[in-house]
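K.L.:
give me coordinates for this.
(2 chains)
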Amino acid sequence: MYIATARQAPAAGGTGRIAGNVLALGAVSLLTDVSSEMVTAILPLYLVLGLGFSPLQFGVLDGIYTGVTALVRVAGGHAADRWQRRKLVAGLGYGISAVGKAGFARAAGTSATAMGLVLAGDRTGKGLRTAPRDALITLSSEPSALGRAFGVHRAMDTVGAFLGPLIAFCLLWTLPARYDVVFVVSFCFALLGLLVLVLFVRDHRDVLPRVAVSLRSAFGLLRSRPFRRVCLVACGLGFLTLGDGFIYLLLQKKLDIEVAYIALLPLGTAGVYLLAAVPMGALADRLGRWRIFLAGHLALLGAYLLLAGTSGIGLLAGVLLLHGLFYACTDGVLMAVVGPLMPDELRTSGLALLQTGQVLARACSSVLFGALWTWFAW
Amino acid sequence: MRILVVVAAVIALGIGATAYALRAPDKPAVAVEAGAVDLSEQGRLIFMDEISGKVASVPLSSPGGPRRVSSLSCKRFYTAARQGLCLADAQGPLPGSTAVFVDQALGEQRRVEVAGVPNRAKLSADGRMASWTTFVTGDSYSQAGTFSTRTAIFDKQTEVYSSNIEGTSVEGIKMANDMNYWGVTFTADDRTYYATMSTAGKTYLIQGDAVEESAKPLRENVECPSLSPDGTRVAFKKRVPGDGARPWREHVLDLRTMVETPLAETRGIDDQVVWLDNDTIAYGLPGEGIWAVQANGEGAPRQLVPHASSPSLV
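P.N.:
The predicted model follows:
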């Protein structure tokens, strides 16, 4: 029934210009990703070397924040719909994460609890902002070029993910053991991201919906068949998706890569993703987004087959290429599939619901594969 | 206009961050005296000076007094039988370690490049067997960011080097990918050792044989064992309920009776302790320096050296 209000299906044509709002959101994501990837890259070292955590405690903390994002996403999406304040909710998310970065520097000395709180805060911010941001991208773009718009956004986002660890390690290289400097610089990037959001991103505020937007109506979206189908397939595929860490570990074992260089493998994936996101988005607009989304999983399947079969430099290049293509074909493209399916007043909630399902499915599969990996000495 | 605001913010934040980075971190002052750090000078405590990051020494009779600071940079240092083992950060942007063997004047004799970040280093009492542990990140199944340990044993006499003792089989425990070893302490025969092995969320005290590459579990919930000079007791940290970054309590296990005694130190010790004599252990506490406490569970802990870690005795 909600489908009645949905926008038109993607069609060829349109001017093909990427909206300024999408570019602005891309810049925000780029800056924020520099900030958060800087921290992610050095956090384990900082906790264990700087604060004297045991690796086990780190594992527990790591688990906490995956759970937090999943919960907050739905709440953020709902709030954005209810008050039609997508920019505000997204801004709140970026703001909380920025404060979290400042918290790391001061944090909490040696208390595991305080450190856990700061981490949870940081992840709350990430959970809050994702769905409203993707809803804004949908609303700011021509429906026919939505795949490309998401491609542009994800490419910019990935540039940030690329630069973050690089900046962090270069800082630690020039200023040994000054983790605090890394956190301060990360905080500066987060602030810049927030500033660009405030100054350059325009909110799309529809009139407040006549019907009250409730959490129930958000879950009611699942009654629409097309959306339910997308959710089921996306979550099912999510469950069959090995965590990135697992793929890199298999590569390392098969090729006997020096352990120190494992950290560089994600850069290979990110590089391919970065280059392929826009072309794949445009291709999705032309050939059908759902088709490209499924094709992305074929690429992933190809990567698994390579891992099972080949070896040598071909394996390394092939797996990283296919893995990057998988991301380029699925991450933004899925949002472009779902965005137009949603009624205006529940768009953010719907995106959040789907993302939460995906996150949970991947978390389950990660735990499952982790247990298998641990118990069978492969 | 909006562009100008962003440019101004970039400049302001850039200047702020640079000023912060260049600001010299507050360094507490400690008294330093001239003189070389010598691993043959009896009665001196060797440690890592946390202010300079160099190997330093003080007389054990007045550990709070002025220290001698060398020019050798390490993360972890251990001395025995006039020899030293220094585990240092590797040069370069990627995390890695270097194990450096030094003579009594801290002159380099040999170096081994190791994966992972420095954690523990120890020599056997006669200096022949060296062992060290590093943390390796990204080596685990679930996420980038989780850790596993790598523990190496190096026999200086035969030059046999096993870079990772993960292949050691433990009686009665199924080999699994999550088996980790750390905190090796050798007995006087330079072949038998005690260490921690963890698998499936549990830690075990194992007694290993470096030649046979086999081991047997002795006890659960034991980490970072350290054998007493007379070889009769093992000090170790034991996980106890409670919050904090270091939920451990140091215990001493009598290997003859298998009775364990909690020590008077109630703060969590995350260290492989050293024995100053058969009745006293010493250990580092992050931010609080080196402390000592009686090994029989009595008395009270006392601070030996402030702004210091990684103690060992000449």
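K.L.:
show me where the chain has its helices.
P.N.:
Since you didn't name a chain, this refers to chain A. Counting by DSSP state H, the segments of chain A that form helices are A:20-45, A:55-82, A:86-106, A:112-140, A:146-174, A:179-200, A:215-220, A:225-239, A:244-255, A:265-287, A:289-309, A:313-338, A:347-375.
K.L.:
please go with chain B instead
P.N.:
Listed in chain order, the helices of chain B (DSSP H) span residues B:2-22.
K.L.:
quick check: which ranges of the chain have low pLDDT?
P.N.:
Just going to use chain A. Screening chain A residue by residue with the criterion pLDDT under 70, one finds the ranges A:1-16, A:48-67, A:107-115, A:206-213, A:259-260, A:263, A:370-371, A:373-378.
K.L.:
oops, I was thinking of chain B
P.N.:
Filtered on pLDDT under 70, chain B yields the residue ranges B:24-26, B:92-94, B:137-147, B:242-246.
K.L.:
picking that back up, export the helices of chain A to CSV and tack on distance to chain B and mean neighbour count?
P.N.:
Using the backbone N, CA and C atoms, a C-beta is placed for each residue, glycine as well. Compiled in CSV, these are given as follows (distance: least, Cβ to the nearest Cβ, whole Å; neighbours: other Cβ atoms under 10 Å in any protein chain shown):
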stretch, distance to chain B, mean neighbour count
helix A:20-45, 5, 24
helix A:55-82, 3, 20
helix A:86-106, 9, 22
helix A:112-140, 5, 23
helix A:146-174, 4, 22
helix A:179-200, 4, 23
helix A:215-220, 30, 14
helix A:225-239, 15, 16
helix A:244-255, 5, 19
helix A:265-287, 7, 21
helix A:289-309, 14, 18
helix A:313-338, 14, 23
helix A:347-375, 4, 21
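K.L.:
which residues sit against stretch A:289-302?
P.N.:
Under the contact criterion Cβ atoms under 8 Å, 6 or more residues apart in numbering or on different chains, stretch A:289-302 has outside partners A:10, A:146-147, A:230, A:234, A:237, A:241, A:280, A:283-284, A:318, A:322-323, A:325-330, A:333-334, A:336-337.
K.L.:
same thing but 6 Å
P.N.:
Contacting residues not belonging to stretch A:289-302 are listed as A:147, A:237, A:283-284, A:322, A:325-326, A:329-330, A:333-334, A:336-337 [Cβ atoms under 6 Å, 6 or more residues apart in numbering or on different chains].
K.L.:
just to revisit the earlier point, nearest to B:T232, out of the helices of chain A?
P.N.:
For the helices of chain A, proximity to B:T232 was assessed by Cβ to Cβ; helix A:55-82 is nearest, at 30.2 Å.
K.L.:
related to what we said a few turns ago, closest to B:E33 out of the helices of chain A?
P.N.:
Put simply, out of the helices of chain A the one that sits nearest B:E33 is helix A:179-200, at 31.0 Å, with distance taken as Cβ to Cβ.
K.L.:
so how far is the closest one from its chain's centroid?
P.N.:
18 Å (Cα atoms, centre = their mean, to the nearest Å).
K.L.:
remind me what it packs against, helices and strands.
P.N.:
In this structure, helix A:179-200 makes packing contacts with helix A:20-45, helix A:86-106, helix A:146-174, helix B:2-22, judged by 3 or more Cβ pairs under 6 Å, 6 or more residues apart in numbering or on different chains; DSSP states H and E.
K.L.:
what's next to it, contact-wise?
P.N.:
The contact list for helix A:179-200 (Cβ under 6 Å, 6+ apart) reads A:24, A:27-28, A:31-32, A:34-35, A:38-39, A:42, A:46, A:50, A:91, A:94-95, A:98, A:101-102, A:104-105, A:168, A:171, A:175, B:2, B:9, B:13, B:17, B:20-21.
K.L.:
what angle separates that helix from helix B:2-22?
P.N.:
With axes from the mean of the first three to the mean of the last three Cα atoms, to 10 degrees defining the directions, helix A:179-200 sits at 170 degrees from helix B:2-22.
K.L.:
compute the inter-axis angle for helix A:179-200 and helix A:86-106.
P.N.:
When the same axes, to 10 degrees is applied, the directions of helix A:179-200 and helix A:86-106 differ by 170 degrees.
K.L.:
contacting residues for the spatially most central residue of chain B?
P.N.:
If you average the C-alpha coordinates of chain B and look for the closest C-alpha using Cα atoms, centre = their mean, you land on B:R120, 3.1 Å from that point. Under the criterion of Cβ under 6 Å, 6+ apart, the neighbours of B:R120 are B:T133, B:G183, B:Q272.
K.L.:
spatially nearest residue to A:D203, not counting backbone neighbours?
P.N.:
Distances taken as Cβ to Cβ, 6 or more residues apart in numbering or on different chains place A:K87 nearest to A:D203, at 3.6 Å, with adjacent residues excluded.
K.L.:
so the one you found is in contact with A:R202, correct?
P.N.:
No: using Cβ atoms under 6 Å, A:K87 is not in contact with A:R202; the gap is 7.6 Å.
K.L.:
now stretch B:299-314, how far from the centre of its chain.
P.N.:
Computed by Cα atoms, centre = their mean, the chain-centroid distance of stretch B:299-314 equals 14 Å.
K.L.:
and what of stretch A:305-319?
P.N.:
Relative to the centre of its chain, stretch A:305-319 is centred 26 Å away, using Cα atoms, centre = their mean.
K.L.:
residues in contact with it: which ones?
P.N.:
Identification of contacts with stretch A:305-319 by Cβ under 6 Å, 6+ apart yields A:L250, A:A303.
K.L.:
okay, it in CSV with CA atoms only?
P.N.:
Extracted as CSV, the C-alpha positions of stretch A:305-319 are listed here (Å, rounded to 0.1, in the frame of the first residue of the first chain):
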residue,chain,number,x,y,z
LEU,A,305,36.4,-19.4,-6.0
LEU,A,306,39.7,-17.8,-6.6
LEU,A,307,40.6,-18.3,-2.9
ALA,A,308,39.7,-21.9,-3.2
GLY,A,309,41.5,-22.6,-6.5
THR,A,310,44.4,-20.4,-7.6
SER,A,311,47.5,-19.1,-6.0
GLY,A,312,50.3,-16.6,-6.7
ILE,A,313,50.1,-13.0,-7.7
GLY,A,314,47.0,-13.7,-9.8
LEU,A,315,45.2,-14.7,-6.7
LEU,A,316,46.1,-11.5,-4.9
ALA,A,317,45.2,-9.2,-7.8
GLY,A,318,42.1,-11.2,-8.7
VAL,A,319,40.6,-11.3,-5.2
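K.L.:
returning to that earlier point: just put the helices of chain A in a markdown table and tack on distance to B:N164.
P.N.:
Conversion of the helices of chain A to a markdown table gives the following (distance: least, Cβ to Cβ, whole Å):
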| stretch | distance to B:N164 |
| --- | --- |
| helix A:20-45 | 20 |
| helix A:55-82 | 16 |
| helix A:86-106 | 32 |
| helix A:112-140 | 29 |
| helix A:146-174 | 25 |
| helix A:179-200 | 28 |
| helix A:215-220 | 50 |
| helix A:225-239 | 34 |
| helix A:244-255 | 14 |
| helix A:265-287 | 20 |
| helix A:289-309 | 23 |
| helix A:313-338 | 23 |
| helix A:347-375 | 18 |
